[in-house]
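Engineer: Build me a model from this:
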Amino acid sequence: MNKGIYLVLMLTPMAAAITSTMALADNSAPKLSSKASTSSSAINSLQLEDIFTLEYASNLEINNDGDEVYFVRNFMDIQSDKKLGNIWKVDKKKRLTPVTNGLHVDFSPTLSPDNSKLAYISTASGSPQIHIKWLESGEVGQMSHFSQSPGNLTWSPDGKSIAFTKFVPSKPKSVVSLPGKPQNAEWAKPAVFIDDMYYRFDGAGFTKPGNSHIFIMSADGGAARQITHGQFDHRSNISWSKDGKQLIYSTNTREDKELEWTDSNIFSIDVQSQKVSQLTDRLGPDNAPNVSPNGKYIAYLGYDQHHMNYENTMIYVMDIDGSNKRAITTDLDRSINSIQWADNSKAVYMSYHDKGETYVAYQPLSGKRKIVAQNLGGLAFGRPYTGSEFDVAENGTIAFTYSNPQRPADIAISRKGNTQQLTDLNSDALDYKTLANIKEINVKSTYDGRNIQAWVAYPPGYEADKKAGKTFPLILEIHGGPVTNYGPHFSAEVQLMAASGYVVVYANPRGSDSYGKEFAQTIHNNYPSQDYDDLMSVVDGVIAQDAINEDALFVTGGSGGGVLTAWIVGHTDRFKAAVVAKPVINWFSFVLTTDIYPFVVKNWFEKMPWEDTEHYMKLSPISYVGNVTTPTMLLTGEADQRTPIAETEQFYQALKLRNIDTAMVRIPDAPHGIYKRPSNLMSKVAHILWWFDQYQQPNN
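Structural biologist: Sure thing, here's the model as predicted:
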């Protein structure tokens, strides 16, 4: 990852009385709103339970000839309430074939160089292990029996070995030993001693002592050999030299690496002697190394670190020994997401976001680039973010996750400008549903006239009801990040809101990426600020063109969008109700409680909170809680360590003290990415709509 420096707030329930805490239960969860629903009752619109019928493709791997694509077919398991997946294959004739049996979680399919074998990771034995399938015979073998999960599988050029990463535990720190414990006595659990800068991460909990290292094992099975050592982590992709004697990787070896978290460099290690050579040495993240097919060059991603909220990630190329470094995308004011060499070693394929959409371009080492695939997306699933993947065959055929606003990710291929969609994974679930139509709009910000791009989702039956004179309630849905972007992509949440009769608008206010570095950096040390004006201009733009009930305006957003929602209700009373999801309410307390606190201080602010309290509080929604009159619900996962629930509690309790209509929804065991459990996505949307439903009637 590095699309610049993100507010990693995102690299995503109410029952009885409105009281201080509210648990979730299947028999008490609110149903979809009915007051706002379209009068066209015969329309078969999307329902909450339809979440469990949806699928999407990921983890693409195209074969050398470009006529077969292996991928993970992700589905929602209603019994375990988890997103699961197994590996499938689709060919250019659109024939779908299961590769694994679907009884376990299978992922990371990786073809051997000669395409005769497929390595992947599977939980068939009960824990994630490396498996290989011999494609001609169909035989499968489990190749590892590790106590820790492997990742980043990479075949050697001769197909005889596989490199991968795996966590290596170290002994827990302990500074005291309590005396006097009788044999068989049941004392309390021992104290946990912590002195690490990063000691917990959202979704993972408290970190265990140890580091992730690179290993090599024979493709015929046997013991794995650890290649890297030390108190450094090697979590990103690995690339072999052409002769198979070197591994190229990225890691941060600084003594103060916890304070300079993003300062990684590219290294080369001799597989036999384990001699390490450092190939880059600048301040900034250098990662995703990729050796060219002819073995002469290394392409990688990075930028110069200036401790801003965002920088454009560029493609760099250097000779295999680390010499002759040069950037080849300096003329593109966009961040590069991922790269892959062309088979001729004269160009690099790259993906990037532009104005809310994702493209693959062919970038020569010198010369003009050209777009070779578009309409990438569909991996975000819950909200309309731009997540996507691509892979390239030796003949230049590009496989990618294809999406449109009404479908999650499918598989498509593009060759010589011709695109062919190979799968339609949701035809059974969605062909008979009437989904929201999505329309792009552009407005000028009232603050400075900047163009702000947005998309409007119209509820099923909108046009007919509009002709009958009906007006519609409007939801403004705000993205997180804050340096990320929405686009014309499938979103279960937006579709469910529209299915309940709301017009939904989502936008990319200043601070969003995919519009250039200057646009993203306008919120550096200045967030929230004029992004508020951008969003209000978008709402006014929708009202000016569509049949909107101006007495039924609603606003919601999660993470960075939760920050802006809380900011909005402190600066205007035009919205009938609001739902603030997993927000930052107080920048002072957030910086001292989030799991990524050194990163936040160094890249979003210019001083420590105690050195500039006035500035921190000026940007904090809690400072404006005295202005709030809007009924406001707070919604956060109880296990959220990115925007800890204490942030939610501050705003909730302040609103309670002011006697403002409020509620707090606490989602048990949920981290920042609430929608990792499908039922939590359902519950989130249901509670948002339930809350808005209460304020549909005048004077309610």
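
Engineer: residues in contact with G562?
Structural biologist: Counting by C-beta atoms under 8 Å, 6 or more residues apart in numbering, G562 touches 480, 580-584, 643. In this view, the C-beta of every residue, glycine as well, is placed from N, C-alpha and C.

Engineer: Restricted to helices, list the residues you listed.
Structural biologist: Counting by DSSP state H, those place none of their members in helices.

Engineer: which stretch of helix or strand covers F692?
Structural biologist: Applying DSSP states H and E as the criterion places F692 in helix 678-693.

Engineer: Could the C-alpha coordinates of that helix be exported in CSV?
Structural biologist: Only the C-alpha atoms of helix 678-693 are listed here, as CSV (Å, rounded to 0.1, in the frame of the first residue of the first chain):
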residue,chain,number,x,y,z
PRO,A,678,-22.0,-9.5,6.9
SER,A,679,-24.6,-9.3,9.7
ASN,A,680,-22.8,-6.2,11.0
LEU,A,681,-23.1,-4.5,7.7
MET,A,682,-26.8,-5.3,7.7
SER,A,683,-27.1,-4.0,11.3
LYS,A,684,-25.3,-0.8,10.5
VAL,A,685,-27.6,0.0,7.6
ALA,A,686,-30.7,-1.0,9.5
HIS,A,687,-29.9,1.2,12.4
ILE,A,688,-29.0,4.2,10.2
LEU,A,689,-32.3,3.9,8.4
TRP,A,690,-34.3,3.3,11.6
TRP,A,691,-32.8,6.4,13.1
PHE,A,692,-33.6,8.5,10.0
ASP,A,693,-37.1,7.0,9.9
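
Engineer: Show me what that helix is packed against.
Structural biologist: helix 492-499, strand 577-581, strand 632-637, strand 662-667 (3 or more C-beta pairs under 8 Å, 6 or more residues apart in numbering; DSSP states H and E).

Engineer: relative to helix 492-499, how tilted is it?
Structural biologist: 40 degrees (axes from the mean of the first three to the mean of the last three C-alpha atoms, to 10 degrees).

Engineer: Surely A547 and F472 touch.
Structural biologist: Yes - contact criterion C-beta atoms under 8 Å: A547 and F472 qualify, at 5.8 Å.

Engineer: what is in contact with these two at once?
Structural biologist: The contact sets of A547 and F472 overlap at 462, 465-466 (C-beta under 8 Å, 6+ apart).

Engineer: Which PyMOL command selects the buried ones in the residues you listed?
Structural biologist: Buried residues within the shared contacts of A547 and F472, by 16 or more other C-beta atoms under 10 Å, are selected in PyMOL with:
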select buried, resi 462+465
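
Engineer: any idea which of the shared contacts of A547 and F472 is closest to T329?
Structural biologist: Nearest to T329 among the shared contacts of A547 and F472: Y462, at 41.4 Å, using C-beta to C-beta.

Engineer: Show the contacting residues for that closest one.
Structural biologist: Y462 sits next to 38, 437, 472, 503, 547 when contact means C-beta under 8 Å, 6+ apart.

Engineer: And A492, how far from D424?
Structural biologist: Note on A492: its distance to D424, by C-beta to C-beta, to the nearest Å, is 18 Å.

Engineer: quick one: the residue lying closest to S491 once chain neighbours are set aside from D424, how far?
Structural biologist: Closest residue to S491 apart from its sequence neighbours, by C-beta to C-beta, 6 or more residues apart in numbering: P384 at 4.0 Å. Distance of P384 to D424, given as C-beta to C-beta: 20 Å.

Engineer: Neighbour count for the two, which is higher?
Structural biologist: Each of P384 and D424 has its neighbours counted (other C-beta atoms under 10 Å); P384 has more, 30 against 14.

Engineer: these two touch, right, that one and V494?
Structural biologist: Yes - the pair formed by P384 and V494 meets the contact definition of C-beta under 8 Å, at 6.1 Å.

Engineer: Identify the contacts common to these two.
Structural biologist: By C-beta under 8 Å, 6+ apart, the residues touching both P384 and V494 are Y506.

Engineer: quick one on the thing from earlier: reformat the helices and strands packed on helix 678-693 into CSV and put mean pLDDT, distance to Y624 and mean neighbour count next to each item.
Structural biologist: Output for the helices and strands packed on helix 678-693, formatted as CSV (pLDDT from 0 to 100; distance: least, C-beta to C-beta, whole Å; neighbours: other C-beta atoms under 10 Å):
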stretch, mean pLDDT, distance to Y624, mean neighbour count
helix 492-499, 97, 26, 26
strand 577-581, 98, 13, 27
strand 632-637, 98, 12, 28
strand 662-667, 97, 15, 24
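
Engineer: and of these, who's closest to Q521?
Structural biologist: Counting by C-beta to C-beta, Q521 lies closest to strand 577-581 out of those; the figure is 25.6 Å.

Engineer: what's the closest one packed up against?
Structural biologist: Using 3+ C-beta pairs under 8 Å, 6+ apart, the elements in contact with strand 577-581 are strand 548-558, helix 560-569, strand 632-637, helix 678-693.

Engineer: Would you mind measuring from S236 to S212?
Structural biologist: For S236, the distance to S212 equals 10 Å [C-beta to C-beta].

Engineer: what helices or strands is whichever strand or helix holds A163 leaning on?
Structural biologist: Using DSSP H and E, A163 sits in strand 161-169. Packing partners of strand 161-169 (3+ C-beta pairs under 8 Å, 6+ apart): strand 150-155, strand 210-218.
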